[in-house]
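S.K.: Sequence isn't available, so here's the structure alone:
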């Protein structure tokens with residue numbers, strides 16, 4: 001069965017490169033190869049010295065067997081949630097309240113400083129769940 005990963009390369013003049021990705025949620029090999037491909041593409045496009053931000057649904061969680069799929073990112077980048085001066089430990093996924101809460105969404109970066117990471121899971125959006133995944137955000141200095 002074919003599996004996919006995708007990424008967007010968003011570039012604005014005078015601003016850092018930003019990448020958004022979604023890794024496969026079923027195929028382990030697809031998830032591993034997708035992570036490796038994403039990192040290789042960032043290295044090729046942006047190079048070693050660019051300020052880079054990479055975020056998305058990695059379908060991988062720290063402290064589980066799926067953590068291995070984050071290794072390509074960890075080898076080249078830093079985790080915003082783990083490195084930010086101010087951070088939270090809240091789940092980013094709960095399947096509209098019907099699934100075990102998990103941390104599947106990540107922000108990785110290079111050549112910047114993570115200041116404040118947040119999972120935006122408040123109830124002030126007018127609905128109980130705005131998605132099966134909560135948005136995540138991080139303030140950086142670069």
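M.R.: That came through fine. All values reported here derive from a predicted model rather than from experimental measurement. Residues are numbered from 1 along each chain as shown.
S.K.: Helices of this structure, residue ranges please.
M.R.: Counting by DSSP state H, the chain has these helices, from start to end: 28-46, 71-76, 80-83.
S.K.: Show the average pLDDT along stretch 130-142.
M.R.: Confidence over stretch 130-142, taken as the mean pLDDT, stands at 91.
S.K.: pLDDT averaged over stretch 49-63 - what is it?
M.R.: Averaged across stretch 49-63, the pLDDT comes to 90.
S.K.: just to revisit the earlier point, among the helices of the chain, which is nearest residue 52?
M.R.: Proximity to residue 52, assessed across the helices of the chain by Cβ to Cβ, is greatest for helix 28-46 (5.3 Å). For the C-beta atoms, the positions are set from N, CA and C on the backbone; glycine is no exception.
S.K.: Now do the closest one: which elements does it pack against?
M.R.: Where contact means 3 or more Cβ pairs under 8 Å, 6 or more residues apart in numbering; DSSP states H and E, helix 28-46 is packed against strand 6-10, strand 17-22, strand 52-57, helix 71-76.
S.K.: in it, what's buried?
M.R.: Under the neighbour-count criterion of 16 or more other Cβ atoms under 10 Å, helix 28-46 has 30-36, 38-39, 42, 46 buried.
S.K.: Distance to residue 53 and pLDDT for those residues - can I get that in a markdown table?
M.R.: What follows is the buried residues of helix 28-46, written out as a markdown table (distance: Cβ to Cβ, whole Å; pLDDT from 0 to 100):
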| residue | distance to residue 53 | pLDDT |
| --- | --- | --- |
| 30 | 24 | 85 |
| 31 | 21 | 87 |
| 32 | 22 | 90 |
| 33 | 22 | 88 |
| 34 | 18 | 87 |
| 35 | 16 | 90 |
| 36 | 19 | 92 |
| 38 | 13 | 88 |
| 39 | 14 | 92 |
| 42 | 10 | 87 |
| 46 | 10 | 84 |
